[in-house]
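J.: sequence and predicted structure, then a few things I'm wondering about:
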Amino acid sequence: MNNDRYTGPFKDHIGRHVALKQAVGYKYQTDAAHLARFDRFTLENYPEATALTREMVLDWCSKKEHETQANQCTRASIIRQFGLYLDGIGVAAYVIPKRYYPTEMPYVPHIYSTDELQRFFVETDRCRYCVECPDRHLIMPLFFRMIYTCGLRVSEARLLTVGDVDMEQGILSVHHSKKDNSRLVPMSDELTERCRGYFRQVHPFPKDADMFFPALGGKPMTLTNVYHNFRRFLWRAGISHGGSGKGPRIHDLRHTYACHCLKQWVLQGKDLAAYLPVLKTYLGHDSFAETAYYLRLTADVFPDLTLKLEGRYPDMIPTLERAADETD
């Protein structure tokens, strides 16, 4: 366990708390970064603290200028978990109540229409050569198609290595994804053929450890870089964006894939009780509830299917309260 990044009065406790979360399967990287900032905050403002007081917690959780409500709630949730950990090991700690701060309306995923997808992918195909990122015009058309047609999370595609892409069998190996899960993801014949053509152009001297979608210096593309390209393609495709937190988002391509699968199966008269476990495995969901969420989303987006879905699966469709599987 490496506690070198923590220097404040709770440094040892934060280090052990993060290590415990990671030991049970959580990546806990974003949360650890939040706690590292909390560590610096306590070092500066409460250097002699031996207990996690209410004053300290509320001071830390106070809304920052230009901060979204969702981000404040996230910070409060992380410090609540840390407070529960301290309380559990006998250290005096104020545990901020759940939903102490009002939350924003839950984001409802944007399910792209077939026309929107066609326009979006046409714009990725028009991506131009860029001297600062020489392979960008080759990467972007395949990268976004892979997210949609394989239902991948953004970082699952972003962090693929050459060795993860089997172009003979047409299978992706996704490692250490959400909750440290791994899975195999079959590709369509068309996508596999696209991968082969891309591979010949981008990886003339391949090594298994090379990033399949390399940025400068062979490093993985950053989320910021991917997002900026996405927004440009969205704008050029004439797909309206509602601003920060409003969408559409890249992750909605994954939601769209799941809804389109379910729509097709319903129209084909497939037994969803048999097919939902397949979708659960393919998407890398940890629980059936995450997959069943898409039944409600599909029924809401495609109202002509609502009666058919609710008639056949009344006990399987949850309420639409949140976008399942939001984290990347």
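T.: Good, I have the coordinates.
J.: pretty sure Ala51 is touching Val91, no?
T.: Yes. Between Ala51 and Val91 a contact is recorded at 6.8 Å, counting by Cβ atoms under 8 Å. No exception for glycine: its C-beta is placed from N, CA and C like everyone else's.
J.: which element, helix or strand, includes Ala70?
T.: If you go by DSSP states H and E, Ala70 is part of helix 69-88.
J.: what about that helix, average pLDDT?
T.: Averaging the model's pLDDT scores along helix 69-88 yields 92.
J.: downstream of it, the next helix or strand is which one?
T.: Using DSSP H and E, the helix or strand that follows helix 69-88 towards the C-terminus is helix 114-125.
J.: following the chain onward from that following helix, which element is next?
T.: For helix 114-125, the succeeding helix or strand toward the C-terminus, using DSSP H and E, is helix 136-150.
J.: and that next one, what other elements does it pack with?
T.: Helices and strands touching helix 136-150, by 3 or more Cβ pairs under 8 Å, 6 or more residues apart in numbering; DSSP states H and E, are helix 114-125, helix 154-158, helix 189-202, helix 223-236, helix 252-267.
J.: so which of the ones you listed comes closest to Thr42?
T.: Thr42 lies closest, by Cβ to Cβ, to one member of the helices and strands packed on helix 136-150: helix 223-236, at 28.3 Å.
J.: what residues sit buried inside that closest one?
T.: 226, 229-230, 233-234 (16 or more other Cβ atoms under 10 Å).
J.: out of these, who's nearest Ser240?
T.: For those, with Ser240 as the reference and Cβ to Cβ as the criterion, the closest is Leu234, at 8.5 Å.
J.: for the closest one, which non-adjacent residue is spatially closest?
T.: Leaving out its chain neighbours, the residue that sits closest to Leu234 by Cβ to Cβ, 6 or more residues apart in numbering is His241, at 5.8 Å.
J.: read off the pLDDT value for the one you found.
T.: The predicted structure scores His241 at 87 on the pLDDT scale.
J.: checking it next. Helix, strand or coil?
T.: The three-state label given to His241 by DSSP: H, G, I helix; E, B strand; the rest coil is coil.
J.: who are the neighbours in contact with it?
T.: Under the criterion of Cβ atoms under 8 Å, 6 or more residues apart in numbering, the neighbours of His241 are 231, 234-235, 247-248.
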